[in-house]
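[1] Build me a model from this:
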Amino acid sequence: MPNALEPRENAPDEKIAKWVSEVLPRAVLYARSLVRDVHAAEDIVHDCVCRLLERMDRYDLPNDGFKLLLRSISNASIDRIRKLEPWSLDELDSDDRPPATGVDSKAINPSSLVMVKELEMAIDRGLQNLPVKQRAAIELKGLGLRLAEIAESIDVSENHAGVLLHRARAAMAIALAEWIKVD
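    Okay, the predicted model is just below:
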């Protein structure tokens, strides 16, 4: 017989808390990649997680919650982007962005650091110029989702998700042409 004073490992609240702590960082990164604003991304994720938790009796969050959360974030981000005027890279707060590499920037020589920053800006511009569903598709692929999961997250067919991903990659290849070496 279990001791009443020992914590239960599989308590529903603990499972949900664990699920939230596991998905939150990836969800914020995804939202941030879509709306390009860390504060707006955090607000969107917070609202979406709260809505899911309010309805958690309807869903199996540990198994299906991440897909539901991604779909909710996608829709909320698309709505926000459509309401706002287009932004420019000048409006992005570069201090909020993580470094492009895991290497300490002080350990890189200055010319390499400039090249990394230029590449980062080229990627930002390329992503910024993508239609939001293409950007969502390529960002979700970057998070490691399969095509079927991408399709479900942005509420399109699997074939359409493949087309969006293909077009996003082609547009990024053009945007990054000066950085891509062709032998």
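
[2] what residues are up against the residue nearest in space to the middle of the chain?
    Residue closest to the mean C-alpha point of the chain, counted by C-alpha atoms, centre = their mean, is Tyr30 at 1.0 Å. Residues in contact with Tyr30 (C-beta atoms under 8 Å, 6 or more residues apart in numbering) are Leu70, Ile73, Glu139, Leu140, Leu143. For glycine as for every other residue, the C-beta is placed from the backbone atoms N, C-alpha and C.

[3] Please list only the buried members of those.
    For the contacts of Tyr30, a burial check counting by 16 or more other C-beta atoms under 10 Å picks out Leu70, Ile73, Glu139, Leu140, Leu143.

[4] what's the most distant pair in those residues?
    Farthest-apart pair in the buried ones among the contacts of Tyr30 is Ile73 and Leu143; separation 11.3 Å (C-beta to C-beta).

[5] how about the strands of this protein, start to end?
    With DSSP state E as the definition, the chain shows no strands.

[6] gap between Leu119 and Gly142?
    According to C-beta to C-beta, to the nearest Å, Leu119 stands 16 Å off from Gly142.

[7] Could you list the domains of the protein?
    Using automatic domain parsing, the domain parsing of the chain gives 9-88, 103-183.

[8] any idea of the mean pLDDT in the last one?
    Per-residue pLDDT values over domain 103-183 give a mean of 83.

[9] when you give positions from now on, start the count at 43
    Right, with 43 as the first residue, what we last looked at is domain 145-225.
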